[in-house]
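This is a predicted model, with the sequence first.
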Amino acid sequence: MSKNWVAYIVSFLLLGLSIMLGVTVGTVSISPEVLWNPASDETAANILWNIRMPRVVLAGLVGAALAIAGAAFQGLLRNPLADPYTLGVSSGASVGAVMTLFFGISIPFLGSFTLPVMSMLGALMTMLAVIGFAKLVDRSMKMETVILTGIIFSSFLGSIISLMIALTGEELRQIIGWLLGSVSMRGWPYVQMALPFILIGSFLLWLNRHELNAMLFGEDRARHLGVDVRKRKMVILVGGSVLTGAAVAVSGTIGFVGLVVPHITRMLWGADHRHLLSLSFINGASLLIICDLVSRTIISPTELPIGVITAFIGAPVFAFIFFRQRKGVA
């Protein structure tokens, strides 16, 4: 059996296990039997299908979206520290979403999709601004330049969000709770709102898996291999921004998933984007489902924001990657 088959089997088994734990473990323990025999316990079945299952599915979609976007950004920039959070893309998506909530924006022909669309626009504009500014500062776009540019934009956008929070009134609790990152009490409507955008964004990135492999050798080499670098870069940036915007719109800002999952997947199974993107998608879903489970059970009945759990995991991994890179350079 090939290494890739083992990778997919292990990843799907972990995803299945995380889903099973996510829907059965909690303040009220639910027997797995309820999954295939709801009549055995109607109260438990109601909790499982109307509360826990949509929460688990939404956590899985958000984790998958952030992970595959992180894998694509890392491949595009040839930088293992790149992800929607460190590049400031999540902050841009947050500004788009908070503006929608703050001003009560509703685009007539979009309806409930106004929030994710505004979030995606914020993510895309931020990504383009970060790349553009980094190129002005350093044409070679070194790792430090891109990351520092992302931090600069993230800080600036964070101040805009803080200003809107300071000016808001009744929406304060809603905005702050949303910014902390959570998939609690979202329900199936949020799954339906995010799913089409996550599928579209993931498909755009998957279509460019061969081009991402070519870009690992540098843009000039990719051009010699017949890749339309400018066009492909734009498609990848759009795909990553769609994914980030959709994820942030339904769950708030959840950091480091797009950093941790692709890095660990790459270490275990290799850097071939034909498989890295898909494996990151699966493993990102598993990670966030488990993080959400921990966030709602570790100090039950109180829930922690899921972003707290991912930061506890992600910050040390970020430090490890940075340390290893610097030692490697030295």
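On my side now, so go ahead. None of these values were measured; they are calculated from a predicted model.

remind me which residues of the protein are low pLDDT?
By pLDDT under 70, the weakly predicted segments of the chain are 1, 140-143, 169-174, 177, 325-330.

That one: strands as residue ranges?
Remark: strands of the chain are absent; assignment by DSSP state E.

From V191, how far out is the spatially most central residue of it?
By Cα atoms, centre = their mean, the chain has its centre lying nearest to L66, at 1.7 Å. Taking Cβ to Cβ, to the nearest Å as the measure, L66 falls 16 Å from V191. Every residue, glycine included, has its C-beta placed from N, CA and C.

same check, this time on L115
The gap separating L115 from V191 is 14 Å, by Cβ to Cβ.

Of these two, which one has the most company?
Set side by side, L115 and V191 show more neighbours around L115, with 25 against 20, by other Cβ atoms under 10 Å.

Look up the closest residue to D41, ignoring the ones flanking it.
V34 (5.5 Å; Cβ to Cβ, 6 or more residues apart in numbering).

Oh, that last question was meant for L237, not what I typed.
Nearest one to L237, counting by Cβ to Cβ, 6+ apart, is M127 at 5.3 Å.

From what I see, that neighbour and G239 are in contact.
No. Contact criterion Cβ atoms under 8 Å: M127 and G239 do not qualify, at 10.7 Å.

Same drill for the two, tell me which one is more crowded.
Relative neighbour count places M127 above the other of M127 and G239, with 25 against 22, counting by other Cβ under 10 Å.

Quick check: A194 vs S119, distance?
Per Cβ to Cβ, A194 is found 10 Å from S119.

list the residues that contact both of these two?
A246, A249 (Cβ atoms under 8 Å, 6 or more residues apart in numbering).

The two: which is more packed in?
Taking neighbours as other Cβ under 10 Å, A194 and S119 compare with S119 leading, 30 against 27.

quick one, phi/psi of P84?
Note on P84: backbone dihedrals following degrees, to the nearest 10 are phi -60, psi -30.

Now do the contacts for it.
By Cβ under 8 Å, 6+ apart, the neighbours of P84 are L66, A69, G70, F73, S90, A93, A123, G240, L243, T244, A247, G258.
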